[in-house]
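Enquirer: fold the stuff below for me.
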Amino acid sequence: MTRTPTHTALGTVEPEYDLWEPLDPDVSGVFRDIPAADRAFRDRARAFVQDEVRPIIGDAWERADYPLHLIRRLGELDLLRDGVQVPGFEEQSLLAASLVAMELSRGDGSVGTIVGVQGGLALRSIAMCGSDAQRDRWLEPLARGTEYGAFALTEPTHGSDSVSLETRARTDGDELIVDGHKKWIGNGTLGGVTVTWARGDDGQVHGVLVPQGTAGYRAEVIAGKGSLRAIWQAHITYDGVRLPASAKMPGANSFADTGKVLRATRLGVGWAALGHATAAYETAVHYAGQRIQFGRPLAASPVVQTRLSEMLSAVTTLQTLLVQLTRAEDAGDLTAPGASLGKFTATRTARDVVRNARDLLGGNGILLQNRVARHFADVEAIHTYEGTETVQALIIGREITGLSAFA
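Expert: Residues are numbered from 1 along each chain as shown. Alright, predicted model coming up:
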């Protein structure tokens, strides 16, 4: 005979932890006097995270499911542009775009990457390098999330050395024919437009707009990812993709033009890293206050308080660094090595904060429901993309020494 227990022994039922409440750490006061328009963008992004990302992201991340409806919602909320000015839209400052990047990545790295891909890379490429006709066709729908945008630079055998890319866009009469392969391309399978960087007849790198429904364009979702699981990256094959000559972007005629787009997004990656670090810090503080061990909250332990202090110190360091670099960029004073230093410092520091928080949660730190495990995995991706730590270090080192150590 099976007996149904009538009570549960004290201490055997674990409470539900509430780990998502924003804490707004701002010890140095760098956000205290931000303009009202910038604060409005930040608050809108935060509300979106709390109300629309939080309820679904754990399941989406675990299943590697791309919640495509969030792209349209980001567009409706005007959170998709990454600071690119689009006719008919409210002006968005660089600081506003940076705060949006921080808040979205605080919610989830995949959601932050959606904006980085669609707005930061695809939309920005067309705004900076496209023809008037291309801007008229693509800027508004990409900003509104009614069309999807991808940015195809990295190749299966060319990541950090993307300057050596081998995809070709050759001229055939009044048409272009694109052949080659690209890898790790966010949004590359969704049926939108892919900004494709390929080597032309002159040997230079050019930007070409490739509608994903074009014959010869084949894209497969890369399976088995351990991070950024709620956005799909693609392995793309271009097999005789035939396009009109007007598909070429007139302002994209060398890798230097590609570099201008990438440099404009580098600070955004730093702000995304700050979002991950902030999420980890918040999670650790909430958990330490709610988790009871040895008859008292973890937060009462001197060791835990020391670790929380270390995390807050790191978050504050990133806040002050990134705000200052953003001001320099606004003034036109930020150099390429300065942007690299921001990305280099931010992702390295965020990794330390997230690692510390994951460890503080103990076994609960590997459960997706407790938030920090996703950030632990996702921060590894942003540490690598848009220029690895080594590449950033070589850019900085060249500035320090005057000598290039690139192979």
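Enquirer: where does the closest residue to residue 145 other than its chain neighbours sit: helix, strand or coil?
Expert: Residue nearest to residue 145 in three dimensions, not counting chain neighbours: residue 75, with 2.7 Å by C-beta to C-beta, 6 or more residues apart in numbering. Using the backbone N, CA and C atoms, a C-beta is placed for each residue, glycine as well. Under DSSP: H, G, I helix; E, B strand; the rest coil, residue 75 falls in the helix class.
Enquirer: how about the contacts made by residue 75?
Expert: 143, 144, 145, 146 (C-beta atoms under 8 Å, 6 or more residues apart in numbering).
Enquirer: who touches residue 243 in this structure?
Expert: Neighbours of residue 243 in contact, by C-beta under 8 Å, 6+ apart: 175, 176, 177, 178, 208, 209, 210, 214.
Enquirer: do residue 385 as well
Expert: Applying C-beta under 8 Å, 6+ apart, the residues contacting residue 385 are 184, 269.
Enquirer: determine the longest helix present in this structure.
Expert: Among the segments of the chain that qualify as a helix by DSSP state H, the longest is helix 255-290.
Enquirer: if we can go back for a sec, now, which of the contacts of residue 75 sits nearest residue 229?
Expert: When the contacts of residue 75 are compared for distance to residue 229 (C-beta to C-beta), residue 145 wins out at 20.7 Å.
Enquirer: which among the contacts of residue 243 end up buried?
Expert: 176, 177, 178, 208, 209, 210 (16 or more other C-beta atoms under 10 Å).
Enquirer: now compare those and name the two farthest from each other.
Expert: Longest span within the buried ones among the contacts of residue 243, C-beta to C-beta: 177 and 209, 14.6 Å.
Enquirer: what bridges to residue 150?
Expert: Per DSSP bridges, residues listed as beta-bridge partners of residue 150: residue 194.
Enquirer: now it: how far from residue 142?
Expert: According to C-beta to C-beta, to the nearest Å, residue 150 stands 10 Å off from residue 142.
Enquirer: can you check residue 289 too?
Expert: Taking C-beta to C-beta, one finds residue 289 at 42 Å from residue 142.
Enquirer: more crowded one of those two?
Expert: Neighbours per residue (other C-beta atoms under 10 Å) separate residue 289 from residue 142, with residue 142 holding more: 27 against 15.
Enquirer: surely the more buried one meets residue 124?
Expert: No. Counting by C-beta atoms under 8 Å, residue 142 sits too far from residue 124 to count as a contact (9.8 Å).
Enquirer: quick revisit: between the buried ones among the contacts of residue 243, which is nearest residue 189?
Expert: Looking across the buried ones among the contacts of residue 243 and measuring by C-beta to C-beta, the closest to residue 189 is residue 210, at 13.0 Å.
Enquirer: what about that closest one, is that helix, strand or coil?
Expert: strand.
Enquirer: could you dump the buried ones among the contacts of residue 243 to TSV with distance to residue 81 and pLDDT?
Expert: As requested, the buried ones among the contacts of residue 243 are exported to TSV (distance: C-beta to C-beta, whole Å; pLDDT from 0 to 100):
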residue	distance to residue 81	pLDDT
176	28	97
177	32	98
178	27	98
208	23	98
209	18	98
210	22	98
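Enquirer: which stretches of the stretch 301-407 of the chain have low pLDDT?
Expert: 407 (pLDDT under 70).
Enquirer: now the strands for it?
Expert: For the stretch 301-407 of the chain, no strands are identified by DSSP state E, counting those that start in this stretch.
Enquirer: helices along that one, start to end?
Expert: Applying DSSP state H, counting those that start in this stretch to the stretch 301-407 of the chain gives helices spanning 302-330, 336-360, 372-384, 389-401.
Enquirer: of all those helices, which one comes closest to residue 16?
Expert: The closest of the helices of the stretch 301-407 of the chain to residue 16 is helix 372-384. By C-beta to C-beta, the value is 15.8 Å.
Enquirer: check the contact between residue 168 and residue 198; I expect there is one.
Expert: Yes. Here residue 168 reaches residue 198: they are 5.8 Å apart, a contact under C-beta under 8 Å.
Enquirer: find residues that contact each of the two.
Expert: What both residue 168 and residue 198 touch, as defined by C-beta under 8 Å, 6+ apart, is the set 178, 180.
Enquirer: who has more neighbours, those two?
Expert: Regarding residue 168 and residue 198, a neighbour count based on other C-beta under 10 Å identifies residue 198 as having more, with 25 against 15.
Enquirer: same for whichever strand or helix holds the more buried one, what does it pack against?
Expert: Here residue 198 sits within strand 193-199, counting by DSSP states H and E. Under the contact definition 3 or more C-beta pairs under 8 Å, 6 or more residues apart in numbering; DSSP states H and E, strand 193-199 sits against strand 149-152, strand 168-172, strand 175-186, strand 205-211, strand 233-244.
Enquirer: please work out which of these is packed deepest.
Expert: Mean neighbour count (mean count of other C-beta atoms under 10 Å) peaks for strand 149-152 among the helices and strands packed on strand 193-199, with a mean of 28.
Enquirer: so what touches it?
Expert: The contact list for strand 149-152 (C-beta under 8 Å, 6+ apart) reads 117-118, 121-123, 125-126, 138, 142, 167, 182, 185-188, 190, 192-197, 210, 212, 234, 236, 261.
Enquirer: identify the residue spatially nearest to the spatially most central residue of the chain, adjacent ones excluded.
Expert: In the chain, the centroid-proximal residue (C-alpha atoms, centre = their mean) is residue 113; its distance is 3.2 Å. Nearest residue to residue 113, sequence neighbours excluded (C-beta to C-beta, 6+ apart): residue 231, at 5.3 Å.
Enquirer: number of nearby residues for the one you found?
Expert: By other C-beta under 10 Å, neighbour count at residue 231 equals 26.
Enquirer: check contacts around it.
Expert: Contacts of residue 231 (C-beta under 8 Å, 6+ apart): 66, 110, 111, 113, 114, 117, 186, 187.
Enquirer: done for today, thanks.
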